[in-house]
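[1] pasting the sequence and the predicted model now:
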Amino acid sequence: MREVLRTNDPVLLSFAQNVLEQAGIEAIVFDVHMSIMDGSIGILPRRVMVADDEASRAEYTLKSALTQTQDA
């Protein structure tokens, strides 16, 4: 598995998961329960992971989606 995004922004995390799901790319979020270690204040970033063979397509899909939202 490869990391395609690392963030502690819950909105960006949700957006990325949705974009990848709509593209048919299975994504798994790692470190969701690490908030227990940081006192549930959201300091530690979560990682969006995809299969190695989907990583390039996932990165391209996320970059395209983020660019579209910034242009809007």
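    Great, that's in hand.
[2] what is the helix or strand harbouring Ser64 packed up against?
    Here Ser64, judged by DSSP states H and E, is contained in helix 55-71. Packing partners of helix 55-71 (3 or more CB pairs under 8 Å, 6 or more residues apart in numbering; DSSP states H and E): strand 2-7, helix 10-22. Placement of C-beta: from N, CA and C, glycine included.
[3] need those in a markdown table with mean pLDDT, can you?
    Below are those laid out as a markdown table (pLDDT from 0 to 100):
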| stretch | mean pLDDT |
| --- | --- |
| strand 2-7 | 95 |
| helix 10-22 | 95 |
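[4] point out the most buried one among the ones you listed.
    Compared across these, strand 2-7 shows the largest average neighbour count, a mean of 17 (mean count of other CB atoms under 10 Å).
[5] tell me which strands it pairs with, and in which orientation.
    strand 46-50 (antiparallel) (DSSP bridges).
[6] so Ile43, which state does it fall into?
    Three-state call for Ile43 (DSSP: H, G, I helix; E, B strand; the rest coil): coil.
[7] now do the contacts for the closest residue in space to it that isn't next to it in sequence.
    Using CB to CB, 6 or more residues apart in numbering and skipping residues adjacent in sequence, the residue nearest Ile43 is Asn8, 6.5 Å away. Applying CB atoms under 8 Å, 6 or more residues apart in numbering to Asn8 gives the contacts 42-46.
[8] buried among the residues you listed? Make that a ChimeraX selection.
    Restricted to buried positions by 16 or more other CB atoms under 10 Å, the ChimeraX selection for these reads:
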select :46
